[in-house]
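Chemist: With the sequence up front, the predicted model follows.
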Amino acid sequence: MSNISHLFLIYGYAVLFVWVLIEQLGLPAPTAPVLLAAGTLSATGQMSGWASLGLCVAACLIGDSVWYALGRRYGGKVVRLLCKISFEATTCVSKTENYFARRGATTLLFAKFIPGLGTVAPPIAGQSGLSYSGFLGYDALGSLLWAGAWLAAGRFFGDAIRRNHAALTWLAHFALVLIAVLLVVGVLYRIIQQRLFLRRVMEMRVGPEVVYELMEQARERGEALPFLIDLRGPVDRELDPRVLPGAVLLLPSEVRKQLDRIPLDRDIILYCNCPNEEAAAKAAMHLHKAGVHRAKPLRGGFDGWKNAGFPLEEAGALAEFAG
């Protein structure tokens, strides 16, 4: 029996449980290679597929329950913190909130298959007021589908190479190296993806004080004010329904549909309430590609403007802009 077989035979279940739990707690620990390895070893009888599945689901429920409880108690602050520590900068809080607004608790059934969505779905479920029993049921089924899919893929691969003795021998000797390489590549990819995105955001965003000054100058000259677009999700809007002066409400997914209603003769300021102004930055990038080159994300988003003490107003009928 090879060293890798000994390793997984003795420590495999513990490694699998701890690794899945670590990722569910928000740390950048890609579990796909470990799940594939466990599924592959189940094909040779060195690990039990059912035991592996049970441990994965248990780890998911423990980690997700922690974030559900924190989200229920502390709301959006916990959600944004989780996004910042997870390397999933390309998936903003507002995206998950929109899923919940459209599909409710069923979002938990597929959340783990979408990078970033699975990370913030549990605390947003708690923030939205979903009961714990309802959360537990949907999360358990979603975890079962997610872990089962990866383990089944590994099992299929294991069954295929089991018929080839040379391939099985090679895998036994180099599986640990292969898993390590996949994990390192996965983490590096997330880090590079995040840094490239953040660099683009840093180049585009504008501070609250600059926007306020632009508004004051426009008023003094009798010109049209900068066009402000509120991209916050339904949950954030319920917590504070106010908007920046003159802002219209629009979901990030509707920005492209409303291009003909966005003016081209002034600055377009977009803001959200998610880490690194992600939804606003993405919307600004889409507008730039469509020829709206004066679109900029607001640094700090809604909270940055509010914390700076600048005026807010009730949304009123402005939501009609979103159709």
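Modeler: Alright, I've got the coordinates.

Chemist: use CA for all of it now, contacts and neighbours both
Modeler: Noted.

Chemist: any chance you could map the strands in the stretch 101-250 of the chain?
Modeler: Ranges of strands in the stretch 101-250 of the chain, per DSSP state E, counting those that start in this stretch, are 227-230, 242-243, 248-249.

Chemist: just these: most buried one?
Modeler: Ranked by mean neighbour count under mean count of other CA atoms under 10 Å, the strands of the stretch 101-250 of the chain are led by strand 227-230, which reaches a mean of 24.

Chemist: Give me the three-state assignment for Lys296.
Modeler: Here Lys296 is recorded as strand under DSSP: H, G, I helix; E, B strand; the rest coil.

Chemist: got the domain boundaries for the protein?
Modeler: According to automatic domain parsing, the chain comprises the domains 3-202, 205-322.

Chemist: got TSV for the ones you listed, with mean pLDDT too?
Modeler: Formatted as TSV, the domains of the chain follow (pLDDT from 0 to 100):
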stretch	mean pLDDT
domain 3-202	79
domain 205-322	87
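
Chemist: about what we covered before: so which of the strands of the stretch 101-250 of the chain comes closest to Arg72?
Modeler: Set against Arg72 and scored by CA to CA, the strands of the stretch 101-250 of the chain come closest in strand 242-243, at 22.1 Å.

Chemist: From the rest of the structure, what touches that closest one?
Modeler: Strand 242-243 has contacts (CA atoms under 8 Å, 6 or more residues apart in numbering) with Asp230, Phe302, Leu312, Glu313, Glu314, Ala315.

Chemist: Can you list the strands that that strand pairs with?
Modeler: strand 313-314 (antiparallel) (DSSP bridges).

Chemist: For the partner strand, what is the distance to the chain centroid?
Modeler: Remark: strand 313-314 is offset 29 Å from the chain centroid, using CA atoms, centre = their mean, to the nearest Å.

Chemist: before we move on, back to that, just the buried residues of the contacts of strand 242-243.
Modeler: Among the contacts of strand 242-243, the ones that count as buried by 16 or more other CA atoms under 10 Å are Asp230, Phe302, Leu312, Ala315.

Chemist: Among these, which pair sits farthest apart?
Modeler: Maximum pairwise distance in the buried ones among the contacts of strand 242-243, criterion CA to CA, is 13.3 Å, between Phe302 and Ala315.
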